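# predicted model follows, preceded by the sequence.
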Amino acid sequence: MSNPSSIIPTLPPFLQEAWEKSGFTTLTQIQTEMIPKALEGKNIIAEAPTGSGKTLAYLIPALQKIDTNIKQTQIVIVASSRELVMQILDEVQTWSKGSNIMGAALIGGANVKRQQEKLKKKPQVIIATPGRLMELVKSKKLKMHEVKTVVLDEADQLFAKEHINEIDDLMKAVLKDCQRIICSATIPKHVEKQAKQRMDSPQVIRIDMDRDHLERVDHVYLVAERRDKVKLLRKLVNMEGLYGLAFSNDIRELETFAERLEFRGKNVGVLHGTTTKQEREKAINQFRSGEVPLLMATDVASRGLDIDGLTHVIQLDLANDIQQYVHRSGRTGRAGRSGTVVSIVTEGEKERVLQMGEKLGLKMEEKTLSYGKLV
């Protein structure tokens with residue numbers, strides 16, 4: 001963490017006011033490293049854990065660069081999920097208050113006509129999913145010649161097969177000297193290579209996972225036969241005060257678990273790749289409002305989902321690797337609160353969960369459930 005005293009006072013008044021209102025007192029590590037470089041116009045590849053403040057690290061410099069006299073798109077932010085696009089739009093609106101900067105979201109599956117109407121108002125910031133963005137560029141409804149910065153958020157998703165062509169079209173549509181910022185919670189080597197092929201001499205910033213955070217969270221595991229995992233999950237959900245996210249690697253298994261969990265009218269939300277947008281929104285809203293104590297998700301579906309106050313992260317299937325384990329753990333114990341990661345493992349998986357603990361230097365405790373408590 002660093003003192004924001006050097007960066008914040010140099011920002012335009014509207015950003016300084018937003019900072020005052022935000023209640024933040026320090027810049028996070030990614031913000032300290034990224035904001036000055038972004039303000040200089042450098043191309044950036046940034047890897048930083050979920051919840052580390054990446055969005056503001058690119059938003060603050062991007063908003064500062066906007067010339068409000070130019071009524072054209074100047075910043076384009078691309079994200080792979082509708083949920084993440086809406087979340088970023090919220091941030092843009094919060095941080096641009098009092099500045100005459102307008103933002104608009106363009107999402108696949110939503111009404112195109114309505115989005116074209118939005119574009120007539122000449123918003124300076126566009127946040128979009130890749131398909132819809134390029135559809136509007138190609139139909140000449142969206143002009144790219146004034147774009148100063150392109151941000152690819154959760155880039156590892158955007159460089160996947162289904163989006164890469166649109167991303168390449170976007171890179172060709174903007175001017176050569178347009179700043180490119182690529183960020184994600186995980187940037188594997190092959191993604192870094194793809195990114196470097198698409199930008200001039202980028203600065204690579206990698207912020208390691210937050211050890212303090214990992215150590216502040218309790219890491220426990222329960223041993224059960226595969227077929228009994230759902231029983232244990234049911235008991236966990238009935239625990240006093242549980243508000244959690246449960247991960248499974250398999251869509252069909254999630255569905256089966258959820259069906260078998262329709263316990264006594266206690267519903268759970270389910271998110272995976274084939275959940276429709278309506279179902280997804282409903283599940284997230286019910287969960288946010290506390291109607292449903294548990295959201296069951298695959299890792300991809302939980303991307304960009306920022307929910308405060310989670311008490312538990314439950315692994316019905318073990319993470320595939322350490323990074324995924326860290327990623328999942330990062331959902332609980334935010335902002336100095338406590339949290340618990342519970343892995344439900346078979347006798348055969350127990351070895352792996354202990355190895356992960358060892359590699360991460362964490363104490364993994366075996367627990368059992370008794371009278372609705374982990375003991």
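Now that the structure is in, tell me what you want to look at. Numbering: from 1, shown residues only.

# so residue 37 sits in a helix?
Yes: assigned with DSSP: H, G, I helix; E, B strand; the rest coil, residue 37 falls within a helix.

# residues in a beta bridge with the closest residue to it other than its chain neighbours, which ones?
Of all residues not flanking residue 37 in the chain, residue 203 sits nearest, at 5.5 Å (C-beta to C-beta, 6 or more residues apart in numbering). The way it works is simple: take the backbone N, C-alpha and C, and place the C-beta from them, glycine included. Note on residue 203: beta-bridge partners by DSSP bridges are residue 44.

# residues contacting residue 203?
By C-beta atoms under 8 Å, 6 or more residues apart in numbering, residue 203 lies in contact with 37, 42-45.

# can you select the buried ones among the residues you listed for me in PyMOL?
In PyMOL, a selection of the buried entries from the contacts of residue 203 looks like this (16 or more other C-beta atoms under 10 Å):
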select buried, resi 37+42+43+44+45
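
# in the protein, what secondary structure element scores lowest on mean pLDDT?
The least trusted helix or strand in the chain, going by mean pLDDT, DSSP states H and E, turns out to be helix 211-216, with a mean of 77.

# what lies in contact with that one?
For helix 211-216, the external contacting residues (C-beta under 8 Å, 6+ apart) are 49, 326, 329-330, 333, 336, 338-339, 360, 362.

# repeat that with 10 Å
For helix 211-216, contacts defined as C-beta atoms under 10 Å, 6 or more residues apart in numbering pick out 49, 51-52, 210, 325-326, 329-330, 332-339, 341, 360-363.

# narrow those residues to those in helices?
Under the assignment DSSP state H, those contribute 325-326, 329, 360 to helices.

# and the gap between residue 132 and residue 60?
26 Å (C-beta to C-beta, to the nearest Å).

# just the helices in the stretch 51-200 of the chain please.
For the stretch 51-200 of the chain, the helices defined by DSSP state H, counting those that start in this stretch cover 54-65, 82-95, 112-120, 130-138, 155-158, 161-173, 189-197.

# closest to residue 226 out of those helices?
Nearest to residue 226, of all the helices of the stretch 51-200 of the chain, is helix 155-158, at 30.1 Å by C-beta to C-beta.

# alpha carbons of the closest one, in PDB - could you do that?
Output in PDB follows, covering the C-alpha atoms of helix 155-158 (Å, rounded to 0.1, in the frame of the first residue of the first chain):
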ATOM      1  CA  ALA A 155      -7.800 -10.400 -20.700                       C
ATOM      2  CA  ASP A 156      -7.200 -14.200 -20.400                       C
ATOM      3  CA  GLN A 157     -10.900 -14.600 -21.200                       C
ATOM      4  CA  LEU A 158     -10.700 -12.100 -24.100                       C
END
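
# before we move on, back to that, could you dump the contacts of residue 203 to JSON lines with distance to residue 354 and pLDDT?
Shown next, in JSON lines, are these (distance: C-beta to C-beta, whole Å; pLDDT from 0 to 100):
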{"residue": "37", "distance to residue 354": "40", "pLDDT": "96"}
{"residue": "42", "distance to residue 354": "43", "pLDDT": "97"}
{"residue": "43", "distance to residue 354": "42", "pLDDT": "98"}
{"residue": "44", "distance to residue 354": "38", "pLDDT": "98"}
{"residue": "45", "distance to residue 354": "34", "pLDDT": "97"}
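
# for the contacts of residue 203, which one is nearest residue 221?
The closest of these, once distances to residue 221 are taken by C-beta to C-beta, is residue 45, at 35.2 Å.

# tell me the contacts of that closest one?
Contacts of residue 45 (C-beta under 10 Å, 6+ apart): 152, 155, 180-184, 187, 191-192, 195-196, 199, 202-206.

# kindly recompute the last result at 7 Å.
182, 187, 192, 195, 202, 204 (C-beta atoms under 7 Å, 6 or more residues apart in numbering).

# return the distance of it relative to residue 159.
11 Å.

# and residue 141, by the same measure?
26 Å.

# if you count what's nearby, which of these two comes out ahead?
Neighbour count, other C-beta atoms under 10 Å: between residue 141 and residue 159, residue 159 has more, with 24 against 14.

# domains of this protein?
8-206, 211-374 (automatic domain parsing).

# quote the end-to-end distance of the first one.
It refers to domain 8-206. Start to finish, the residues bounding domain 8-206 are 23 Å apart (C-alpha to C-alpha, to the nearest Å).

# swap in the last one?
Taking C-alpha to C-alpha, the span from the opening residue of domain 211-374 to its closing residue is 24 Å.
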